[in-house]
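Peer 1: Fold the following.
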Amino acid sequence: MRSTATALVLSLSCVLAAQAQTGFTTIPSFPIDTNPLVIRKDAMPSRPFSVTGERGAILGQQDGTFELWLLPVKILHQVHLTAKLKDYDTVIDLNAHASSIEVRPDHTTITYAHAAITVKQHMFIPQGAEAGLADAVILFEIHASRPAELTLSFAPSMERQWPAPNFGRPSANWIPSGTGGAYSLETDNPDFYGMVAMPNAQHGPIPPYQERPVTTPVEFRISYDPAKDDHTFYPLLCGLARMGETGSAGRAALLNRLTTQNRRLIHDYQTTAEHYSHFFDHHLTVSTPDKHFDEALRWAEISIEESKVSTANGAGLAGGWFTSGDSARPGFGWFFGRDTLWTLYAVNSFGDFAMSRQALDFLLAHQRADGKMMHEYSQTAPEVDWNSLPYLYASADSTPLFVMQMEDYIRTSGDLAYLKQHWDNVKRAYAFTRSHTTDGVYDNTQGTGWVEEWPRMPHQEIYLAALDQQSAESYSRLADLMGETEAAQQAMTTASAIKEKLAGYRGADGSYRFSRNVDGSYEDVPSIFPAVAWWSGHLALPQADETFTAWAGHGFSTDWGIRSVAKTASIYDPISYHHGSVWPLYTGWTSMAEYRSGRPVQAFSNLRNTAELTWLQDPGAITEVLSGDFFEPLGRSSSHQLWSSAMVLTPAIRGLFGLEADALNHTLRVAPQLPAAWDHVSVQHVAVGEQSFDVTMQRVGRSLEIDATSGSASMLCLVEEHMQKPCDQRPAIRHRLMMDLPPVEIGLEEILASEGDSSKQMKVLDERREAHRLTVKVEAPAGITHRLTLRTNGVDRQTIAVSGGTLDADGIVLNFPAVDPSDPQYVSRLIELKW
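Peer 2: Next up is the predicted model:
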């Protein structure tokens, strides 16, 4: 192998001799910090960052260390940067001087700041890049007081993503080119190799073959002269061999593609910047009194866009991203059925129907013959016998979720042609759920419902049963669209029967149980999983007040989200995966259920807490799972999690703003539940099929005035409730709806958690309204003073009498005196307002 590799390098050097003048070169620096959507933070070495796209990923820590993937291959890892300045006798560890991180949609920059030298590490994923070639680019920008040599060291990886087999530790052979050169990363498979290149760089030590084997980092030694290099970018470029690129000719072809890419970098970046500068020209955006919240929604859409991954077999949505370390698993950077299906509710809500179709196409390509939908599909699944591994169809919930999602996509997009094209897929999926039931309800015998481990694995989770009911209703409406009246009626009969069975999950204490056993008994673990019953808006569990009160209370609710099980449960473990940790996913389910059931104060508190996670860990993205006790992600939490970002968007668009499109009937459901502190909202680019509307909401006296406008006359009916009948209005540019506001509204004072905190926010457990009375039950830690926001709509504030609190100019002050100052437990309070 050694003699073969040496011969290849010698041969390649001869081929490239004539190209020496056109090899790798630095490029003039150009403006990159133009996108106004930006997050700037001090760099925290313990915090991750992710730069991801369709064909590449750069995953690292905020000290600037990273691993680079040309998907699905990890090219290199353990990148480290040092500098040695002329006549300055010390080696500067630049990673130890990482000072800031700046994240924009098109790139991320980490700045290293030292008294004698500043280096900026700009990272981006080119839009529309060629597969296996510079799909992830780093531009180094150097400024120093004197000439310097920087050393960029890394460990070659050349690992295909799990579970594909790999070909040993790669060696690195140097190939000079232009002002720098490239390392050819050779594996034990002569057809599987890559290259890493850099201009103005020379190689570091390359031990002769005769020396004792030792593993040392590979180094680029970069020359910098402030007199001529101060306005220069030094690109780090990577490439993978194509199928059939063997021998010296193949390596010459790869090197030539990299030098061509070197010359195209300005174009590649500008194409990427242009994509994101116009990203919100057609995607939904909002303008509210809370600009921070507005930005969180934009970042959530960007985060989902960055989760799209293209493969030779189609493009899908990756579950989540995090550094892989010594493994070949970059977080959950591969494809999941249920993750995609939960997320597409958000995608449909912000109107990217092309993404929805693409993601659904990917899932449908892997539907089993009996109708079951896929659960998990690695990027390297075609390289192994994936069907024989226990992952492809491991979960049971993707199948009912698919039927639900199909209806949501058809209703919001109006794309009946897609339904007709895939009606057989829908029928087979629904038939699968109906053929795997206990007492007429879909059960867990065909895979996990939600939990993957439990003290006693459930036979029929309420989570799965609630999805089954909504899936049956969705199938009924889809069958009706297809003209299959009898199938539609049978499915609705099934849905009604399941709904009755769901009522049996309600326990004697009024809360809903976690699961039903084979013998018909129930497991009483208090959990958040019944919340999915309110997801579609067509189902609600009866007599659920006690359940909602429990979810709102401190046993479930933290200042950063909702625990999966109550703190009082015997199985509670705050740092477990399923037994008490906080997932933004659960918080989204709960917020949606609270909006559906008319509990807007706690719903917005949950939504806002999730939105704030945008700035916690991986800037611009939202993490997968956090501790149930302290405001801190778990160590293995994927920091850029697909459905976590989706759970900012769906509860905001469909719950807070109450916007749900029915393109088939040209209607837009508008049922907003705005915070008491907000007097206006504007939502741009609300998609109703192919039509786009700007929706404004303005409080005027006792009414909320809602206007939807379009660029040209369009047919649209604004309705407060779901309707299944066509709009009968004439086309117009402006459409109006007036809604009555409640006489008195309350809201929570915003108290944001700091990292490492335990919960201290006040919780609104319940609200009860009468004609001239509002009764609110709250709880808060003893020893703390809190405030409720108060808004009146046509009511004289002076006529309001308050018991349980003190009315002042800004709201209602609530004191929670401590009985035992050493034990600040949550205590409850009943507040009554009369007017």
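Peer 1: From now on I want contacts and neighbour counts done on CA atoms only, so please keep to that.
Peer 2: Will do.
Peer 1: Do you know the pLDDT at the spatially closest residue to residue 510 that is not a sequence neighbour?
Peer 2: Closest residue to residue 510 apart from its sequence neighbours, by Cα to Cα, 6 or more residues apart in numbering: residue 546 at 5.5 Å. Each residue has a pLDDT score; the one for residue 546 is 96.
Peer 1: Same question for residue 827.
Peer 2: 92.
Peer 1: how about the helix or strand it falls within as CSV, C-alpha atoms only?
Peer 2: Using DSSP states H and E, residue 827 falls within strand 826-834. The C-alpha trace of strand 826-834 is given here as CSV (Å, rounded to 0.1, in the frame of the first residue of the first chain):
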residue,chain,number,x,y,z
TYR,A,826,-44.5,26.6,45.2
VAL,A,827,-47.7,27.8,46.8
SER,A,828,-51.0,28.5,45.1
ARG,A,829,-53.3,31.5,45.1
LEU,A,830,-56.8,32.3,43.9
ILE,A,831,-57.2,35.8,42.3
GLU,A,832,-60.6,37.1,41.6
LEU,A,833,-61.4,40.2,39.5
LYS,A,834,-64.9,41.7,39.4
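Peer 1: Residue 795 touches residue 742, doesn't it?
Peer 2: No. When contacts are counted by Cα atoms under 8 Å, residue 795 is not listed as touching residue 742 (9.8 Å).
Peer 1: So residue 780 versus residue 826, what's the distance?
Peer 2: Residue 780 sits 5 Å away from residue 826, going by Cα to Cα, to the nearest Å.
Peer 1: residue farthest from the centroid of this structure?
Peer 2: Distance from the centre of the chain peaks at residue 210, with 50.1 Å (Cα atoms, centre = their mean).
Peer 1: Secondary structure class of it, three-state.
Peer 2: Under DSSP: H, G, I helix; E, B strand; the rest coil, residue 210 falls in the coil class.
Peer 1: Spatially central residue in the protein, please.
Peer 2: residue 642 (2.8 Å).
Peer 1: That one and residue 317, how far apart?
Peer 2: Distance from residue 642 to residue 317, by Cα to Cα: 8 Å.
Peer 1: any shared contact partners between the two?
Peer 2: 304, 307, 340 (Cα atoms under 8 Å, 6 or more residues apart in numbering).
Peer 1: and which of the residues you listed is nearest residue 27?
Peer 2: Distance to residue 27, by Cα to Cα, is smallest for residue 307 among the shared contacts of residue 642 and residue 317, at 29.4 Å.
Peer 1: That closest one - how many residues pack around it?
Peer 2: For residue 307, the count of nearby residues is 25 (other Cα atoms under 10 Å).
Peer 1: circling back to that earlier point, between residue 780 and residue 826, point out the one with more neighbours.
Peer 2: The residue with more neighbours, out of residue 780 and residue 826, is residue 780; 25 against 22, by other Cα under 10 Å.
Peer 1: show me where the stretch 301-450 of the chain has helices.
Peer 2: Assigned by DSSP state H, counting those that start in this stretch, the helices in the stretch 301-450 of the chain fall at 337-350, 353-364, 398-413, 416-421, 423-434.
Peer 1: just the stretch 601-750 of the chain next, same as before
Peer 2: Using DSSP H, counting those that start in this stretch, the helices of the stretch 601-750 of the chain run over residues 642-650.
Peer 1: could you pull out the strands for it?
Peer 2: Here the stretch 601-750 of the chain has its strands, by DSSP state E, counting those that start in this stretch, at 640-641, 659-662, 667-670, 680-688, 691-700, 703-714, 717-719, 732-740, 744-748.
Peer 1: Kindly calculate the angle that the longest one makes with strand 732-740.
Peer 2: Using axes from the mean of the first three to the mean of the last three Cα atoms, to 10 degrees, the direction of strand 703-714 lies 160 degrees away from that of strand 732-740.
Peer 1: ok, and what's touching strand 703-714?
Peer 2: Residues from elsewhere that reach strand 703-714, judged by Cα under 8 Å, 6+ apart: 691-699, 730-741, 793.
Peer 1: what angle sits between that strand and strand 691-700?
Peer 2: Orientation of strand 703-714 against strand 691-700 (the same axes, to 10 degrees) gives an angle of 160 degrees.
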